[in-house]
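Peer 1: model the following, please.
(one chain, ligands or ions: 3)
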Amino acid sequence: MENTSQETQSFQQNQDIGQGRGVYISTYGCQMNVNDTERMHSLLEMQNFTPVENPEDASLIIINSCSVREKPVHKVYSEVGTFRKMKDKNPNLKIGVGGCVGQQEKENLIKNQPMIDFVFGTDQIDNLPQMVAKAFEGERRQINAKFEHRAPYHIETMVRNPGVATFVNITKGCDNFCTFCVVPYTRGREKSRPLQHILTDIRHLVKRGVKEVTLLGQNVNSYKAEEGLDFADLLAKVATDTDIERIRYTTSHPKDFNQKLADTMAAHQDKIMEYVHLPFQSGNTRILDRMNRNYTREHYLEKIAMLKKTIPNLVLSTDIIVGFPGETEEEFRDTVTLVEEVGFETIFAFKYSPRPFTKAAKFEDQVDEDVKTERLNRLFDAHDKMAFDLVKRYEGQTMRVLVEQADREFGKIQGRSTSNKLVHFLGSADLIGKTVDVKITKAFPATFRGELV
Ligand code: SAH
Ligand code: SF4
Ligand code: F3S
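Peer 2: Ligands and ions are numbered 1, 2, ... in the order given. Below you'll find the predicted structure:
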């Protein structure tokens with residue numbers, strides 16, 4: 001009995017720890033981190049913390065970090081520097097680092113930056129309230145970065161104000177071990193959520209007014225439900241067994257993209273968006289092999305041809321790495337020609353950045369930074385030359401746009417077409433959450449301007 005009352009008391013303290021205290025969370029990296037930040041805010045709100053816009057108003061600062069390339073890691077360290085100065089002035093300020101740098105660096109972070117009060121890994125978000133409570137009770141240097149290797153992946157979506165479009169995790173982690181990528185080390189082994197949990201989540205979101213969900217994972221198309229169902233089956237179930245109006249997903253891996261998935265998208269085109277983000281990374285087969293991507297240039301092109309045939313209005317985007325170790329000028333040109341051949345309207349391209357633990361970081365033939373920069377610029381130039389002309393064909397077309405929010409420009413609203421293009425147009429905020437027809441008046445590669453039909 002006594003034990004229980006002690007527990008109740010400590011739960012009470014836990015709950016009130018945020019009373020009169022502001023929390024600021026700074027978020028880097030991919031959509032997983034954005035989702036994780038939402039989860040942290042939801043958990044901290046249960047402890048009565050108030051989210052604040054300005055770190056200066058916070059009693060608790062959390063950096064939700066990314067380590068996919070060196071740049072975001074630098075940003076984390078520079079932010080830690082800024083917050084250290086704030087802590088010098090206000091010793092009661094608590095600072096925590098979570099996300100992929102937290103997972104990767106663990107105790108090193110606190111060793112190098114002793115002003116950090118706690119570090120937590122990507123599998124430890126649900127323990128944040130306890131860590132925060134202990135930090136305010138005076139406990140320093142907490143490190144909580146274990147992976148829950150064995151536990152099943154049960155994680156109900158937590159969003160405070162889901163709005164019109166929101167994200168739902170379906171898998172976590174990654175088992176692909178591309179030789180350049182840190183994610184398998186920072187997010188752990190791949191796990192899928194039970195299919196029924198995902199459907200229940202989406203039904204709840206629909207009740208809260210959500211019209212569109214993006215199914216999220218590092219490699220969604222290797223999703224496996226316990227019942228032996230795969231990602232295509234999940235998509236079909238979300239389309240038929242929930243009232244969600246639109247479905248998107250990201251990211252898919254070329255090696256796992258099959259005809260069944262394309263057929264499922266085509267069969268449910270009323271709901272599943274005609275858009276696929278399919279990273280190819282390099283257009284050269286030798287480099288792809290060294291990246292451990294498990295497909296060749298030809299295989300990739302075959303998948304694209306299959307997709308375009310099955311879904312005629314399909315819009316594609318991709319991720320690319322230039323200057324991977326050993327990449328020659330000729331091999332780089334294969335990347336440029338692949339972009340041109342597929343006709344990507346949007347590309348996300350990066351200079352190769354050596355990451356801790358990864359195989360490619362140890363390859364001896366690293367490419368000079370200047371060469372990488374020059375290749376990246378050339379790739380963007382080649383893409384610009386093509387993409388602005390490519391999207392002209394949309395001008396004059398009418399698109400179904402789901403209105404998401406008011407635009408920064410007065411009197412305008414914005415939303416997404418069924419092909420995931422951001423469309424800005426004049427209209428009333430009453431239309432938020434509705435799907436309307438918009439005629440495209442001006443098309444740029446990633447955004448369109450239009451007028452309400
Ligand atoms: N799971 C996704 C990608 C996650 S990381 C996939 O497999 O497609 C997002 C992108 O960052 C990658 O597609 C890749 O283009 C880029 N990236 C990852 N590691 C990188 C590195 N070491 N250097 C440069 N870019 C990298
Ligand atoms: Fe990284 Fe490759 Fe996994 Fe994507 S598939 S997260 S690039 S290891
Ligand atoms: Fe970055 Fe981690 Fe996402 S490394 S891209 S935040 S999975």
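Peer 1: what are the boundaries of the helices in the stretch 51-200 of the chain?
Peer 2: 70-89, 99-105, 107-112, 128-136, 183-187, 195-207 (DSSP state H, counting those that start in this stretch).
Peer 1: quick one: the shortest one near ligand 2?
Peer 2: Read it as helix 183-187. Yes. Between helix 183-187 and ligand 2, judged by CB under 6 Å from any ligand atom, the touching residues are Val183, Pro184. Every residue, glycine included, has its C-beta placed from N, CA and C.
Peer 1: how far off centre is that helix?
Peer 2: Here helix 183-187 shows a centroid-to-chain-centroid distance of 14 Å under the convention CA atoms, centre = their mean, to the nearest Å.
Peer 1: equivalent analysis for the first one, please.
Peer 2: Counting by CA atoms, centre = their mean, helix 70-89 is centred 23 Å from the centre of its parent chain.
Peer 1: same thing with stretch 248-260?
Peer 2: 16 Å.
Peer 1: list the contacts of it.
Peer 2: Under the criterion CB atoms under 8 Å, 6 or more residues apart in numbering, residues 31, 170, 176, 212-222, 230-232, 235, 261, 272-273, 275-280, 293-295, 299-300, 303, 306-307, 310, 319, 420 lie in contact with stretch 248-260.
Peer 1: likewise for stretch 363-378?
Peer 2: Stretch 363-378 is contacted by residues 179, 290, 322-327, 332, 336, 349-352, 354 when judged by CB under 8 Å, 6+ apart.
Peer 1: below-threshold pLDDT in the protein: ranges please.
Peer 2: 1-14 (pLDDT under 70).
Peer 1: and the chain, which residues reach ligand 3?
Peer 2: Listed as neighbours of ligand 3 in the chain under the rule CB under 6 Å from any ligand atom: 29-30, 32-33, 66-68, 99-100, 182-183, 186-187.
Peer 1: please repeat the previous calculation with a cut-off of 8 Å.
Peer 2: 28-33, 64-68, 72, 99-101, 122, 182-183, 186-187, 218 (CB under 8 Å from any ligand atom).
Peer 1: end-to-end on stretch 442-453?
Peer 2: Distance across stretch 442-453, first residue to last, is 15 Å (CA to CA, to the nearest Å).
Peer 1: before we move on, the earlier item: can you tell me which of the contacts of stretch 363-378 end up in strands?
Peer 2: Applying DSSP state E to these, the entries found in strands are Val322, Ala349, Phe350, Lys351.
Peer 1: which of these has the most neighbours?
Peer 2: The most crowded member of the ones in strands among the contacts of stretch 363-378, judged by other CB atoms under 10 Å, is Val322 (25 neighbours).
Peer 1: what about the closest residue to that residue other than its chain neighbours, neighbour count?
Peer 2: Spatial nearest neighbour of Val322, chain neighbours left out: Arg375 (4.3 Å); criterion: CB to CB, 6 or more residues apart in numbering. Residues contacting Arg375 under the criterion other CB under 10 Å number 22.
Peer 1: which SS state does Arg375 fall under?
Peer 2: Secondary structure for Arg375, judged by DSSP: H, G, I helix; E, B strand; the rest coil, is helix.
Peer 1: how about Arg400?
Peer 2: strand.
Peer 1: burial measure for it, as a count.
Peer 2: 15.
Peer 1: ok, it touching Ser419?
Peer 2: No. Using CB atoms under 8 Å, Arg400 makes no contact with Ser419, being 9.6 Å away.
Peer 1: which residues of this protein lie near ligand 1?
Peer 2: So the chain meets ligand 1 at 30, 68-69, 174, 176, 178, 180-183, 218-219, 251-253, 277, 279, 281, 319-321, 348-355, 358, 360 (CB under 8 Å from any ligand atom).
Peer 1: now a ChimeraX select for only the buried ones of those.
Peer 2: Buried residues among those (16 or more other CB atoms under 10 Å), as a ChimeraX selection:
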select :30,68,69,174,176,178,180,181,182,183,218,219,251,252,253,277,279,281,320,321,349,350,351,352,353,355,358,360
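Peer 1: residue in the stretch 251-400 of the chain with the shortest distance to ligand 2?
Peer 2: In the stretch 251-400 of the chain, no residue comes nearer to ligand 2 than His253, which is 5.4 Å away by CB to the nearest ligand atom.
Peer 1: give me the distance between that residue and Val220.
Peer 2: Computed as CB to CB, to the nearest Å, the His253 to Val220 distance reads 8 Å.
Peer 1: run a quick neighbour tally on the residue lying closest to Pro72 once chain neighbours are set aside.
Peer 2: Counting by CB to CB, 6+ apart, Cys66 is the residue found nearest to Pro72 once chain neighbours are left out, at 4.2 Å. Cys66 is flanked by 22 other residues according to other CB under 10 Å.
Peer 1: which SSE is the closest residue in space to Val159 that isn't next to it in sequence in?
Peer 2: Sequence neighbours aside, Glu38 is the residue nearest to Val159 in space, at 5.0 Å (criterion: CB to CB, 6+ apart). Assigned by DSSP states H and E, Glu38 belongs to helix 31-45.
Peer 1: residues contacting Ile311?
Peer 2: Counting by CB under 8 Å, 6+ apart, Ile311 touches Ala262, Met265, Ala266, Gln269, Glu274.
Peer 1: now the first one: phi and psi?
Peer 2: When quoted as degrees, to the nearest 10, the phi and psi of Ala262 stand at phi -60, psi -40.
Peer 1: is ligand 2 within reach of the helix or strand hosting Glu340?
Peer 2: Assigned by DSSP H and E, Glu340 belongs to helix 329-342. No. Interface with ligand 2: helix 329-342 contributes nothing (CB under 8 Å from any ligand atom), its closest point being 15.8 Å away.
Peer 1: can I get that helix in CSV, CA atoms only?
Peer 2: Extracted in CSV, the C-alpha atoms of helix 329-342 (Å, rounded to 0.1, in the frame of the first residue of the first chain):
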residue,chain,number,x,y,z
GLU,A,329,33.9,12.5,-63.6
GLU,A,330,32.4,10.0,-66.0
GLU,A,331,30.5,8.2,-63.3
PHE,A,332,29.1,11.6,-62.0
ARG,A,333,27.9,12.3,-65.6
ASP,A,334,25.8,9.1,-65.4
THR,A,335,24.0,10.8,-62.5
VAL,A,336,23.3,13.9,-64.5
THR,A,337,22.0,11.9,-67.5
LEU,A,338,19.7,9.8,-65.2
VAL,A,339,18.1,13.0,-63.9
GLU,A,340,17.5,14.1,-67.5
GLU,A,341,16.3,10.7,-68.7
VAL,A,342,13.7,10.3,-65.9
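Peer 1: list the buried residues for that helix?
Peer 2: By 16+ other CB under 10 Å, the buried positions in helix 329-342 come out as Glu331, Phe332, Arg333, Asp334, Thr335, Val336, Leu338, Val339, Val342.
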